[in-house]
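Enquirer: got a predicted structure here, sequence first:
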Amino acid sequence: MEGTALTVVNSDIVDELEADINSQNSFDCSVSVRNTTRTYNRWSPLEEGITLAWNDVSVSTKIKSNGKFIHKRIINGVSGAVKPGTLVALMGASGAGKSTLMSALAYRQSGTTEIEGDILINGRPIGSYLKYLSGYMHQEDLFVPTLTILEHMTVMANLKLDRRISKADKEKKIRSILKDLGLLDCLNTIIGGIGQSKALSGGEKKRLAFATELLTDPPILFCDEPTTGLDSYSAHTIVTIMNQMACCGNTILCTIHQPTSDIFAMFTQLILMAEGMIIYMGSTAGALDFFQTQGYTCPSSYNPADFLIKAIATTPGSEESSKQTIRRICHHFAISDYAKEVDVVVQYEFHMGRAPRKFELRKDFKEVFWWSKLYWLIYRWTLEAWRNPSIQTVRVLQRVGVAVIIGLCYLGTNAYTQSGIQSVEGIIFIFVSENTFNPMYAVLSEFPEDTAIFLREYRSGLYNSFTYYLSRILSLLPGFIIEPILFAVIAYWLSGLRPSVDAFFYTVLITILTANVASACGIMFSNVWNSVPTAMAYLVPFDYILMVTSGLFIKLSTLPSVVNWTKYLSWLMYAMESLSIIQWRDVSNITCENEKLDLPCIRNGTEVLEKYDFSEDHFVRDIWAMIVLLICFHTIGYIFLWWKTKSR
Ligand SMILES: Nc1ncnc2c1ncn2[C@@H]1O[C@H](COP(=O)(O)OP(=O)(O)OP(=O)(O)O)[C@@H](O)[C@H]1O
């Protein structure tokens, strides 16, 4: 009796909870409801929803074994179909190939992956156009951590949505999605990174990733483990929304681990995978019947999802017999009515797909202009930089501190004396080195840190590699203009360099150029190796070449011929020479305090320049050489970034 009463109470609580979730999270599909009746005489996935069909698909990847590249097959000749209005659970043990199959179906495979077989969207082979039709929620959440939820969604809306949608409509859409996902209360919360105290919880991040994919209202949505790491309430919320989206005529494919019974029951279709093969595909209810025919009966008290995974799991110690069992069930499935049902849909899609048809892909969609994407990316990276006090404040304070110290050390320098020559060249070297090594090392982590976000967004078709590269360097540019100016303003006037506005102006210009060439060099190194420690390992020996060829430590004309050419790569040399020219040009009155001691004296600026193997005639050459180096470093850096998009 007590047990029955308890069950009644529990089921009441469950009903109440579900009603609560449904009332809070009712997905509004009035804007995007799709008629799921296929006409086959036109190609209109936006109106008719998406039927995804694949036939004999195999996926392999290149791996290195014993120093040689070999092909590793992950997916073995699978076929299947998913119709509009279906919420599909893609399940299987870890390593079964779920994510690999899903990324192949979504046309988001990595550069090292090879796909054989045919995959069709409403009868048309998949291609890059799929980025306009699909959303892809990845297993790992990747965000720019310093942005708030609202900022993240605003940037994404401005990158993804039709350019004709007004700002107000975008805001309305963002708020409506965030409301559906219960994120409206933390609109202005910083997303946060690992180990940050003021950050979104794991569940909130998952919901934010889901919200990002809902922005474009895609007719097909791929979700890789959207509920992993979530509490059962949050997991229920997400799957409820997916279910409602499916009811609106969308196609949703979702890999999922250990769903609770009620979550599992919300899926309309199940694809079970093991060892890169499809072991069952059909209705969720039919799975238990099929497995019963194979000798696996699910106890009534058991979670069906757990039961199915357990039935096809590889038992440690008896891997071979587990594999044989999987192959046996696979074989039985292939000749079952369930497989025939799927096969009919696949064949129909492939047959109809061969017929000529009119394509109507997004004729009414206007993509955001590239310069608008550039603007929003610069906005995002600039926010990231300014929100990171450890980088900005410390860097500015460090610059000011060094400038004041240097200025005070050289305070009252009388340049036009024999000892003053050394002081002036010393100050110039500090100007150049401070504006070389600081920016060069500061940028080393900029690109490697964001590679994962970049590659993901690039593959989603949000922007191209050039727009990303340009946005990155333009967002860094203000720092590399303001910091050298700050340094020069303090250090120049304190240290008693040539007191002329012209000389100061040119010094500031060359200092800015130096900082930008140095940062370009750092960016190039970090893109070539894409790892801060490796880039640093190569950069340190390069620093020595730069230092030696600056002209201060060795007479440049005495460099051995084997290394003589390195000076032409050294912007330290160009910067030292041009800044020295600014200080010594037209100087004719250097005091010779050593005269009484009968020591040699330098009498004018030309002699000073000759002492360091510099020439007044080289001023314009030096500036151009630095501009050429700047362009070359950025070009090489960009080529390596572009290469990454092809090779990963
Ligand atoms: N790029 C790759 N190089 C080498 N092996 C890979 C690569 N990608 C996937 N694999 C291997 O392919 C198999 C399937 O991987 P996949 O990520 O698709 O599994 P999964 O079913 O999604 O697992 P999980 O549920 O743990 O995410 C795994 O054994 C994995 O190690």
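Expert: It's in.
Enquirer: strands along the stretch 101-250 of the chain, start to end?
Expert: 113-121, 124-125, 134-137, 220-224 (DSSP state E, counting those that start in this stretch).
Enquirer: most tightly packed of those strands?
Expert: By mean neighbour count, with neighbours taken as mean count of other CB atoms under 10 Å, strand 220-224 ranks first of the strands of the stretch 101-250 of the chain at a mean of 25. For glycine as for every other residue, the C-beta is placed from the backbone atoms N, C-alpha and C.
Enquirer: quick one: contacts of that strand?
Expert: Strand 220-224 has contacts (CB atoms under 8 Å, 6 or more residues apart in numbering) with 45, 50, 52, 98-99, 102-103, 105-106, 108, 121, 133-139, 210, 213, 242, 245, 250-255.
Enquirer: can you say which of these are buried?
Expert: Buried residues within those, defined by neighbour count using 16 or more other CB atoms under 10 Å: 45, 50, 52, 98-99, 102-103, 105-106, 108, 121, 133-138, 210, 213, 242, 245, 250-255.
Enquirer: which of those come close to the ligand?
Expert: 98-99 (CB under 6 Å from any ligand atom).
Enquirer: related to what we said a few turns ago, mean pLDDT lowest for which of the strands of the stretch 101-250 of the chain?
Expert: The minimum mean pLDDT among the strands of the stretch 101-250 of the chain belongs to strand 124-125 (a mean of 86).
Enquirer: okay, now the sheet partners of it, with direction.
Expert: Under the criterion DSSP bridges, strand 124-125 sits next to strand 113-121 (antiparallel) in its sheet.
Enquirer: so for the residue nearest the centre of the chain, what's the nearest residue that isn't a sequence neighbour?
Expert: The centre of the chain sits closest to I453, judged by CA atoms, centre = their mean, with a distance of 1.2 Å. Distances taken as CB to CB, 6 or more residues apart in numbering place L142 nearest to I453, at 5.0 Å, with adjacent residues excluded.
Enquirer: look up phi and psi at that neighbour.
Expert: phi -130, psi 120 (degrees, to the nearest 10).
Enquirer: with the one 4 residues further on instead?
Expert: Backbone geometry at T146, expressed as degrees, to the nearest 10, gives phi -90, psi 0.
Enquirer: likewise T86?
Expert: phi -120, psi 140.
Enquirer: and what of K62?
Expert: According to degrees, to the nearest 10, K62 has phi -90, psi 130.
Enquirer: what about it, how many residues nearby?
Expert: As a burial measure, K62 scores 12 neighbours (other CB atoms under 10 Å).
Enquirer: that one pairs with what?
Expert: Under the criterion used (DSSP bridges), K62 bridges to H71.
Enquirer: isn't it up against I74?
Expert: No. Using CB atoms under 8 Å, K62 makes no contact with I74, being 11.4 Å away.
Enquirer: for stretch 523-541, measure first residue to last.
Expert: 17 Å (CA to CA, to the nearest Å).
Enquirer: how about it: buried residues?
Expert: 523-530, 532, 535-536, 539.
Enquirer: equivalent analysis for stretch 152-169, please.
Expert: Neighbour count says stretch 152-169 has 152-161 buried, by 16+ other CB under 10 Å.
Enquirer: now do stretch 633-648
Expert: 633-634, 636-638, 640-642, 644.
Enquirer: touching it from outside, list them.
Expert: With CB under 8 Å, 6+ apart, stretch 633-648 has contacts from 110-112, 447, 451, 455, 458, 465-466, 468-469, 473, 517, 520-521, 523-524, 526-528, 530.
Enquirer: hmm, 6 Å instead?
Expert: 110-111, 458, 465, 469, 520-521, 523-524, 527-528 (CB atoms under 6 Å, 6 or more residues apart in numbering).
Enquirer: got it, and stretch 496-513?
Expert: 413, 431, 435, 481, 484-485, 488, 492, 575, 578-579, 582-583, 626.
Enquirer: what does the protein have sitting close to the ligand?
Expert: Those residues of the chain that sit near the ligand, judged by CB under 6 Å from any ligand atom, are 61, 63, 72, 74, 92, 94-100, 112.
Enquirer: now for these: which two are most distant?
Expert: Greatest spacing in the residues of the chain next to the ligand, by CB to CB: G92 and T112 (22.2 Å).
Enquirer: roughly how far does whichever residue of the stretch 301-450 of the chain sits closest to the ligand sit from Y441?
Expert: Residue nearest to the ligand within the stretch 301-450 of the chain: I309 (10.5 Å; CB to the nearest ligand atom). As defined by CB to CB, to the nearest Å, I309 lies at a distance of 49 Å from Y441.
Enquirer: poorly predicted segments of the chain, please.
Expert: Confidence mapping of the chain against pLDDT under 70 gives the ranges 1-38, 194-198, 353-364, 389-391, 594-599, 648.
Enquirer: quick one, strands of it?
Expert: 52-65, 68-82, 87-92, 113-121, 124-125, 134-137, 220-224, 251-255, 269-274, 277-283 (DSSP state E).
Enquirer: any chance of those in a markdown table, plus distance to I263?
Expert: Shown next, in a markdown table, are these (distance: least, CB to CB, whole Å):
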| stretch | distance to I263 |
| --- | --- |
| strand 52-65 | 22 |
| strand 68-82 | 19 |
| strand 87-92 | 9 |
| strand 113-121 | 27 |
| strand 124-125 | 33 |
| strand 134-137 | 16 |
| strand 220-224 | 13 |
| strand 251-255 | 10 |
| strand 269-274 | 12 |
| strand 277-283 | 16 |
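Enquirer: and the residue lying closest to T148 once chain neighbours are set aside, how many neighbours?
Expert: Here the nearest residue to T148 in space, its sequence neighbours aside, is N188; by CB to CB, 6+ apart that works out to 4.9 Å. Using other CB under 10 Å, N188 has 9 other residues around it.
Enquirer: hang on, N188 packs against E151?
Expert: No. N188 is beyond contact range of E151, at 8.7 Å (criterion: CB atoms under 6 Å).
Enquirer: contacts for stretch 553-571, please.
Expert: 517, 545-546, 548-549, 573, 613, 626, 629.
Enquirer: repeat that with 7 Å
Expert: 514, 517, 545-550, 573, 613, 626, 629 (CB atoms under 7 Å, 6 or more residues apart in numbering).
Enquirer: how close does the residue in the stretch 351-500 of the chain that the ligand sits nearest to sit to A157?
Expert: When scored by CB to the nearest ligand atom, the stretch 351-500 of the chain has L455 as its residue closest to the ligand, at 13.1 Å. Distance of L455 to A157, given as CB to CB: 21 Å.
Enquirer: ditto for S321
Expert: In terms of CB to CB, S321 sits 53 Å off from A157.
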